[in-house]
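**Student:** Predicted structure and sequence below. I'll ask about it afterward.
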Amino acid sequence: MTMAKVLVSDPIDQAGIEILSQVAQVDVETKLPLEELVKIIPEYDALMLRSGTKVTKEVIEAGKSLKIIGRAGVGVDNIDVAAATRQGIVVVNSPEGNTIAAAEHALAMILSLSRQIPAANQSVKAGKWERKKFIGNEVYKKTLGVVGLGKIGAHVATVARAMGMKLIAYDPFVSNERAERLHCRLVDLDLLFQESDYITLHIPKTTETANLINAESLATMKPTVRIVNCARGGIIDESAIAEALKENKIGGAALDVYANEPLGESPLTELGPNTVLTPHLGASTEEAQVNVAVDVAEQIRDVLLGLPARSAVNIPGLNPDVMEKMRPYLSLAETLGNMVGQLAGGRIEQLTVRLQGELASQDSQPIVIGALKGLLSQALRERVNYVNASIEAEERGIRVIETKDASDSDYSGGSLYLEAEGSKGKHSVMGALLGDSEIRITNLDDFPINVPPAGYMLFTLHRDMPGIIGNIGSLLGSYNVNIASMQVGRKIVRGDAVMVLSLDDPLPEGILDEITKVSGITDAYTVKLS
Ligand SMILES: NC(=O)C1=CN([C@@H]2O[C@H](COP(=O)(O)OP(=O)(O)OC[C@H]3O[C@@H](n4cnc5c(N)ncnc54)[C@H](O)[C@@H]3O)[C@@H](O)[C@H]2O)C=CC1
Ligand SMILES: O=C(O)C(=O)COP(=O)(O)O
């Protein structure tokens, strides 16, 4: 077997390289121009990066062998995650590895601004002794407005409180309880802008947060306000803040991140001592770099070994714990999805997924993804996986209905019912696990059966009457198709029934037509599960 290949396209700690080297050939190539990256990416199974590499749609589409993209840090805004998802590439990050580093950088920025440390340092080094010029302010009893009370915002709030600051926060997605625990008063954004002596940003850059601080909002702030951005460039309108700083309409700003990086030529670099600029250093501590490199390298290693990743940003709800616990049920969902997809025909319009009995107490999301993966596997083969199954289904216009019925199951551990509507009509299958992991198909189109899945299967709908089983057996025999097992399911004697045959050999072309001509047979379907 050839060894997997990992491209590391930004500087990462050696601890990460060592982990990757356990399972792969690791090539470190930093500062690659886009066209170079596009050229070499087809050779690689994994890509590991920080904020320096732009993983565009073009890179992803060229990465035909890519299984995973690992961001050694938090923000994945330099990766086209939608394109990766579409291609079934898992994107992972390190959600907590650099929290403390980024929070401490923001706090350092607050204090640097308050005491003008960078400017005072330059002045002393220039041989001056300007004690009067560098009178600062205390942060004690000042109001800090925290925008985004996630991991970094929370740590900033905790330390700022210890310094005696009053805390207000804006984050529409956190609960009052969380804010209270952090001693923050949740307020709306306008009020935060008006009341704060210091504003610190800890939110992702999204369409909602782009230019959140602009000329208009700057005009509503205190003329002494000091603004810190260690989150993402583009959340502040750079020309608007440069103008406000130049005109001394605000007290100061400390920025670590920029709309375009490296910053290069910008009105920001022309500004005086009220502006502190650092080159995206929030995560740049030795500790954080070891944390994120190890965290992400371990995930890349695991995915290359066929194991799930713990912090995948594009497989919602599927972490290794869930995967481990649910593995047999995911396999059941995939098998049933594959079967019902073949029974209902090529173009599926709707899939109903019902978790029954004990299974109803589980999260349905992984099971639904498993069922969709199975359903689409005939059309997409290995192109469909847990990353892109939902998006592929959505793009094909497949409606998914999820239901739960805790009361309905004859099987300990519960059962799973899938119903698909497609070009061959509406069909349903139900299955359960025997013991811990053995799959049993327990129902087909509402007829009770009990068979394990097999590579080649034949299902017939027929009248329960003497002779049919023999006729089918002879017909298959005449084509040299060996029957491994056979079972009939019926609701009433001599009524409608299903026959399920597991076959050792694939059915030859055209045989289904002949089967449906056998007297008493109303319909016949084949399913291939290998
Ligand atoms: N400068 C640097 O080197 C670093 C920057 N970062 C950046 O810091 C930011 C925060 O990171 P974490 O705290 O780890 O993320 P997080 O996901 O823990 O927290 C983000 C918070 O923002 C909130 N939020 C989302 N949209 C919002 C909106 N429109 N208005 C207000 N709040 C909103 C969320 O509810 C969440 O509580 C990210 O943008 C990340 O990329 C992270 C690490 C290092
Ligand atoms: O983790 C993040 O979101 C960061 O911004 C850190 O970026 P970096 O890994 O230092 O290029």
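**Tutor:** Yep, that arrived. Residues are numbered from 1 along each chain as shown. Ligands and ions are numbered 1, 2, ... in the order given.

**Student:** contacting residues around Ile401?
**Tutor:** Each residue near Ile401 by Cβ atoms under 8 Å, 6 or more residues apart in numbering is listed here: Gln350, Leu351, Thr352, Val353. The C-beta positions use only the backbone N, C-alpha and C, and glycine is treated the same way.

**Student:** Which single residue in the protein comes nearest to ligand 1?
**Tutor:** Gly150 (1.7 Å; Cβ to the nearest ligand atom).

**Student:** Find the nearest non-adjacent residue to that residue, please.
**Tutor:** His202 (6.2 Å; Cβ to Cβ, 6 or more residues apart in numbering).

**Student:** For burial, what's the neighbour tally of that neighbour?
**Tutor:** Using other Cβ atoms under 10 Å, His202 is surrounded by 28 other residues.

**Student:** residue contacts, it?
**Tutor:** His202 makes contact with Ala102, Ala106, Val146, Val147, Gly148, Leu149, Gly150, Ile152, Gly153, Val156, Cys230, Ala231 under the criterion Cβ under 8 Å, 6+ apart.

**Student:** ditto for Leu191
**Tutor:** Here Leu191 is in contact with Ile168 (Cβ under 8 Å, 6+ apart).

**Student:** Against ligand 1 - does the host helix or strand of it have any residue that ends up touching it?
**Tutor:** Per DSSP states H and E: Leu191 is located in helix 189-195. No: against ligand 1, helix 189-195 shows no contacts by Cβ under 6 Å from any ligand atom, the least distance being 7.4 Å.

**Student:** Need phi/psi at Leu49.
**Tutor:** Backbone geometry at Leu49, expressed as degrees, to the nearest 10, gives phi -150, psi 170.

**Student:** count of residues packed around it?
**Tutor:** For Leu49, using other Cβ under 10 Å, the count is 24.

**Student:** Could you report the pLDDT at it?
**Tutor:** You'll see Leu49 listed with a pLDDT of 98.

**Student:** mind listing what it touches?
**Tutor:** Val8, Ser9, Asp10, Val55, Ile69, Gly70, Arg71, Ala72, Asn78, Ile79 are the contacts of Leu49 under Cβ under 8 Å, 6+ apart.

**Student:** give the contact list for the fourth one.
**Tutor:** By that I understand Val55. Counting by Cβ under 8 Å, 6+ apart, Val55 has contacts Leu47, Leu49, Ile69, Asn78, Ile79, Asp80, Ala84.

**Student:** now do the third one
**Tutor:** Each residue near Asp10 by Cβ under 8 Å, 6+ apart is listed here: Thr30, Met48, Leu49, Arg50, Ser51, Gly52, Thr53, Ala72.

**Student:** let's go with 6 Å and repeat that
**Tutor:** Thr30, Leu49, Arg50, Gly52, Thr53 (Cβ atoms under 6 Å, 6 or more residues apart in numbering).

**Student:** Can you sort out which of those residues also neighbour ligand 2?
**Tutor:** Contacts with ligand 2 within the contacts of Asp10, counted by Cβ under 6 Å from any ligand atom: Arg50, Gly52.

**Student:** Tell me the one of the contacts of Asp10 nearest Leu529?
**Tutor:** Leu49 (38.7 Å; Cβ to Cβ).

**Student:** pLDDT weak spots in the stretch 251-400 of the chain?
**Tutor:** The model of the stretch 251-400 of the chain has pLDDT under 70 over residues 316-317.

**Student:** How about it: which residue is closest to ligand 2?
**Tutor:** For the stretch 251-400 of the chain, Cβ to the nearest ligand atom, closest residue to ligand 2: Ala283, 3.6 Å.

**Student:** residues near the residue lying closest to that residue once chain neighbours are set aside, how many?
**Tutor:** In space, and not counting its chain neighbours, Ala283 is closest to Asn98: 3.8 Å by Cβ to Cβ, 6+ apart. The local packing of Asn98 (other Cβ under 10 Å) involves 26 other residues.

**Student:** circling back: what's the neighbour count on the residue of the chain closest to ligand 1?
**Tutor:** 19.

**Student:** what separates it from Leu277, distance-wise?
**Tutor:** 24 Å (Cβ to Cβ, to the nearest Å).

**Student:** just Leu37 next, same as before
**Tutor:** Taking Cβ to Cβ, one finds Leu37 at 28 Å from Leu277.

**Student:** who's more crowded, these two?
**Tutor:** Leu37 (23 against 16).

**Student:** Okay, now the unreliable bits of the stretch 401-530 of the chain?
**Tutor:** Counting by pLDDT under 70, the stretch 401-530 of the chain contains low-confidence ranges at 530.

**Student:** all helices for it, in order.
**Tutor:** 468-478, 511-517 (DSSP state H, counting those that start in this stretch).
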